[in-house]
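> sharing a model prediction with you, sequence too.
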Number of protein chains: 2
Amino acid sequence: MYSSLRNSIERFISLSDDDWNLLVPHLEIRKLKKHELLAEIGKASNDVGFVLEGMLRHYYLKDGEEKTTYFYFENHFVTSYISCITKQPSQLSIEALSDCVLIVFPYTIFQDLFEKSMTWQKFGRLIAEYIAIGLEERMVGLLMLSPEERYLELIKGNKIKIIERVPQHYIANYLGITPVSMSRIRNRVAKK
Amino acid sequence: MYSSLRNSIERFISLSDDDWNLLVPHLEIRKLKKHELLAEIGKASNDVGFVLEGMLRHYYLKDGEEKTTYFYFENHFVTSYISCITKQPSQLSIEALSDCVLIVFPYTIFQDLFEKSMTWQKFGRLIAEYIAIGLEERMVGLLMLSPEERYLELIKGNKIKIIERVPQHYIANYLGITPVSMSRIRNRVAKK
DNA sequence: CTAAAACGATAACATAAGATAAGAAAAATG
DNA sequence: CATTTTTCTTATCTTATGTTATCGTTTTAG
């Protein structure tokens, strides 16, 4: 039942059954209908999700407008990470883009495990490093590439499923441009 | 001698003397002349620095041009973090902007400490989380703010010393704009 | 100290992106 | 299945940014 979660964790670190069994009692299945939220702007979030089915996005608000900056698909973790770490109100909302099935557990439980087990403490570090690497790569793209180059990177890269599964105006947000501009870029690129 | 380093570490986690003494034998003082490098593009880097005096920048290369994306000042760590973690060649070079005095130690030693001591393991996590939070904030700024807004944030924020101490064309890179555009923004902002 | 290099402001021009609106196509909803 | 609603494209207009070049000024380096 929870094997896909265990597999994903073990891509970072191998778990003894004892370590794994420290977590299992706190896991629960949560189903989200399309448009339901896993985290909400202004509210501290303590939930860590793991996507079994469906997809989600997270967005910030700027002048009343939603700015989508990330997507979550099957077999990936989804959480308002900064809010979990800092215990501050979440700056972002996480919304189901389709009906979803998640495994969910509280981040505070995770933090307890960090103190109880060197294995989990190390996993906590590896996850943070993984997130930092992803953010660094993306930030460099934003600083060094033009919107068109970022679009081309996106469709070339392994993130192809984003294009296929997500409305384009969300992707435009993700690339830091307007939907209109993204449409023009697509037109321009298609002609080459 | 190394007390400022210990103080900075203890802003994340309190260290027993035993923990601290695991690290001390591996510390060394390194002086860099202006323009000397702590890390170099294409070469795997294993050095973690802590700035006692001076300042540094790091830059990527795009089409033969240097793109400066970060600065390091006194009492902060400086390292090609991604290269240390991944053991892959560094994508960036770290250059002294002035004569510098650093405390330096090898990241591999640090990784040994992670395995030897729960305290250091936890510190490794906290540092990675700290870096992730900083990257997230900056990325959101790049995605949601205009160049002018980013400039205003920079001069309003606690990063004021960047403006005062660093050549403007480096700051333009940092903000993701050209030096010419930054000069125009400065002109525009001054008139308001 | 002097020549060279780096730096910052500014101008002129070309280009791309933002804002807005309109309309067609697609998807969601009841 | 019919009607909203959402999504995407296209067009127009405006504006900000990029590009390139010039020109003092400051800083650097020999």
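Looks like it came in fine. Numbering: from 1, shown residues only, chains lettered A, B, ... in the order given.

> what helix or strand does the closest residue to chain B within chain A sit in?
Closest contact between chain A and chain B, by C-beta to the nearest C-beta, is at A:Ala128 (3.4 Å). C-beta: built from backbone N, CA, C; applies to glycine. Counting by DSSP states H and E, the element that carries A:Ala128 is helix A:118-144.

> quick check, that helix touching DNA strand C?
No - Helix A:118-144 does not reach DNA strand C (C-beta under 7 Å from any atom of the strand); its nearest approach is 11.9 Å.

> before we move on, the earlier item: quick check: chain neighbours aside, which residue is closest to the residue of chain A closest to chain B?
B:Ala128 (3.4 Å; C-beta to C-beta, 6 or more residues apart in numbering or on different chains).

> report the buried residues of the helix or strand that the helix holding A:Ala128 is followed by.
Per DSSP H and E, the first helix or strand lying C-terminal to helix A:118-144 is helix A:147-156. Buried residues in helix A:147-156, counted by 16 or more other C-beta atoms under 10 Å in any protein chain shown: A:Pro147, A:Glu148, A:Arg150, A:Tyr151, A:Leu154.

> any idea of the angle helix A:147-156 forms with helix A:118-144?
140 degrees (axes from the mean of the first three to the mean of the last three C-alpha atoms, to 10 degrees).

> who touches helix A:147-156?
Residues outside helix A:147-156 that contact it (C-beta atoms under 8 Å, 6 or more residues apart in numbering or on different chains): A:141-142, A:145, A:162-163, A:171, A:174-177, A:181-182, A:185-186, A:188-189.

> how about the residues of chain A by chain B?
Taking C-beta under 8 Å from any C-beta of the partner chain as the test, the list of chain A residues beside chain B reads A:60, A:62, A:67, A:69, A:81-82, A:85-86, A:91, A:114, A:118, A:121-122, A:124-125, A:128-129, A:131-133, A:135-136, A:138-140, A:142-144, A:173-174, A:176.

> so where is chain A shaky, pLDDT-wise?
Residue ranges of chain A with pLDDT under 70: A:158-160, A:191-192.

> which residues in it form helices?
A:3-10, A:17-23, A:81-86, A:107-116, A:118-144, A:147-156, A:160-165, A:168-175, A:179-190 (DSSP state H).

> okay, the angle between the fifth one and helix A:107-116?
What that stands for is helix A:118-144. Using the same axes, to 10 degrees, helix A:118-144 lies at 120 degrees relative to helix A:107-116.

> of all the residues in helix A:118-144, which ones are buried?
A:118-133, A:135-136, A:138-144.

> ok, the buried residues of helix A:147-156 vs DNA strand C, which is closest?
Proximity of the buried residues of helix A:147-156 to DNA strand C (C-beta to the nearest atom of the strand) peaks at A:Pro147, which lies at 3.5 Å.

> rewinding a little: what angle do the helix holding A:Ala128 and helix A:168-175 make?
100 degrees.

> and helix A:118-144, does that touch DNA strand D?
No - using C-beta under 7 Å from any atom of the strand, helix A:118-144 stays clear of DNA strand D, with a minimum separation of 10.1 Å.

> who are the packing partners of that helix?
helix A:17-23, helix A:107-116, helix A:147-156, strand B:56-62, strand B:65-72, helix B:81-86, helix B:118-144 (3 or more C-beta pairs under 8 Å, 6 or more residues apart in numbering or on different chains; DSSP states H and E).
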